[in-house]
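K.L.:
test case, fold it:
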Amino acid sequence: MQTDQSRPVAYLTSEYPKFSHTFIPREVSALRAEGEDIITCAIRRPQEEALTGPEEREEHRGTFAIMERARNPLSLLADIASIKLLRLGGVLSALKLAVTERASGLRGLIYAFFYLAETMVLARHLRRTNVRRLHIHFANPACTVGMLAARILRIPYSFRLHGPSDFMDTDQSRLGAKLTNAEFVACISNYARGKAMAHLTPDHHAKLHIIHCGVMPARYTSAPPPSGQNILFVGRLADVKGVPLLLEAFSRLRANHPKAALTIVGDGELRDELQANARAKNLTDVRFTGAIGQSEVAEELARSAIFVLPSYAEGVPVVLMEAMAAGRPVVTSRITGIPELVEDGASSFLTEPGDIDALTQAIETLLGDPDIGAALGQVGRAKVIADFDIESEAKRLHALFTAYDAGTSPDQVRL
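P.N.:
Residues are numbered from 1 along each chain as shown. Sure, this is the predicted structure:
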């Protein structure tokens with residue numbers, strides 16, 4: 001079935017723009033540069049004071065927030081009435097889908113009706129804006145709402161399959177239903193694609209394509225790492241990021257490298273605990289910056305010699321792409337899709353998650369021989385330019401939209 005490509009594509013996420021998901025606005029911007037008319041929707045918008053730059057504020061203002069309208073009973077009733085009158089068959093089909101593909105138990109049934117209410121709000125907005133398709137990031141409740149809205153309006157939807165959170169408790173999240181009903185799925189890695197294949201019958205495997213998240217390499221300096229011994233971490237301060245492990249490794253390194261310094265960029269529920277941990281270890285050369293904007297992250301990368309991300313669970317972290325685009329050697333964990341970005345010993349060092357000795361040794365090697373770090377960093381930058389440039393990835397996603405709009409299903413895993 002062919003689709004009028006002059007009509008917009010709607011993007012849907014749980015929260016937009018979100019500080020930890022900077023890759024989504026980049027993707028939207030790159031698609032717009034390809035000529036796509038993108039409208040952005042979210043279940044909720046972040047507080048404006050949490051935004052760190054003018055680009056984020058502009059996206060914030062232009063985003064349709066479902067919960068803002070759904071909280072108004074009169075607006076919600078108007079949306080439900082409008083959609084029921086115009087799309088009764090679609091509503092009944094979506095109701096059946098919501099009930100049959102809900103999470104188990106009474107709570108699952110209750111949530112199914114909450115999602116349906118949000119779906120009505122979204123469906124009316126998508127009908128008003130005359131979108132031709134819906135694209136969603138993550139297989140979370142926003143994907144449930146998007147799947148139901150697409151069913152009501154009888155438009156295709158696709159979604160981006162990311163990291164570990166998309167594969168947690170898949171029976172409750174009904175990942176199989178989301179994959180099956182999607183027109184296509186853009187997986188961020190071969191690892192994610194393989195996980196998706198386990199939830200689908202073989203006749204659906206061809207619609208699983210690889211579209212990487214990406215960065216803009218030109219935004220990052222390609223200068224060699226500075227002569228200092230600055231170590232950088234950027235990320236959410238949460239259990240899965242392994243920051244306590246990094247603090248312990250830094251503590252062990254100080255005897256041989258008294259001039260080494262560690263900067264921790266980011267915020268999260270563990271910040272107070274991590275700062276107390278650093279004080280208890282008398283790590284006076286550890287600096288916590290809190291959350292900062294993307295231009296400031298680029299500046300921190302330019303000042304750093306080594307980037308470390310000792311996570312226990314990831315997809316393919318965009319922050320690693322940023323560090324590699326800046327020509328910085330990285331030390332990170334051998335998990336999930338990371339080896340598809342980082343080649344151990346060629347562009348950076350991979351260690352087993354939780355292995356404090358290996359983490360310490362990898363950082364020690366880079367601190368002891370800056371020439372190794374400089375060589376690894378240049379290989380890493382070339383890898384990002386070749387395979388993780390957001391403009392190239394947006395062209396691939398645009399090509400998928402165009403092909404499926406024309407009623408064809410590309411047989412290539414990666415266009």
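K.L.:
tell me the pLDDT of the residue lying closest to G62 once chain neighbours are set aside.
P.N.:
With sequence-adjacent residues excluded and distances taken as C-beta to C-beta, 6 or more residues apart in numbering, G62 is closest to T40, at 6.4 Å. To be clear about C-beta, it is placed using only N, CA and C from the backbone, and glycine gets the same treatment. T40 carries a pLDDT score of 98 in this model.
K.L.:
so T40 lies in a strand, does it not?
P.N.:
Yes. If the criterion is DSSP: H, G, I helix; E, B strand; the rest coil, then T40 is within a strand.
K.L.:
what about this structure, any weak spots by pLDDT?
P.N.:
For the chain, residues meeting the criterion pLDDT under 70 lie at 1-2, 49-50, 52, 85.
K.L.:
now A192: how far from G90?
P.N.:
A192 sits at a distance of 30 Å from G90 (criterion: C-beta to C-beta, to the nearest Å).
K.L.:
ok, then the element right after the top helix by length along the chain?
P.N.:
Identified as the longest helix of the chain according to DSSP state H is helix 105-129. Downstream of helix 105-129, the next assigned helix or strand under DSSP states H and E is strand 133-137.
K.L.:
which of A192 and G90 has more residues huddled nearby?
P.N.:
Using other C-beta atoms under 10 Å, the more surrounded residue of A192 and G90 is A192, with 26 against 20.
K.L.:
can I get the CA coordinates of whichever helix or strand the more buried one is part of in PDB?
P.N.:
Element membership of A192 [criterion: DSSP H and E] is helix 190-197. What follows is helix 190-197, C-alpha atoms only, in PDB (Å, rounded to 0.1, in the frame of the first residue of the first chain):
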ATOM      1  CA  ASN A 190      23.000  -6.800  15.800                       C
ATOM      2  CA  TYR A 191      22.800  -7.800  19.400                       C
ATOM      3  CA  ALA A 192      19.400  -6.100  19.700                       C
ATOM      4  CA  ARG A 193      18.200  -7.600  16.400                       C
ATOM      5  CA  GLY A 194      19.100 -11.100  17.600                       C
ATOM      6  CA  LYS A 195      17.100 -10.600  20.800                       C
ATOM      7  CA  ALA A 196      14.200  -9.400  18.700                       C
ATOM      8  CA  MET A 197      14.300 -12.500  16.500                       C
END
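K.L.:
name the helices or strands packed onto that helix?
P.N.:
Packed against helix 190-197 by the contact rule (3 or more C-beta pairs under 8 Å, 6 or more residues apart in numbering; DSSP states H and E) you find strand 157-161, strand 184-187, strand 208-210.
K.L.:
same thing but 7 Å
P.N.:
Helices and strands touching helix 190-197, by 3 or more C-beta pairs under 7 Å, 6 or more residues apart in numbering; DSSP states H and E, are strand 184-187, strand 208-210.
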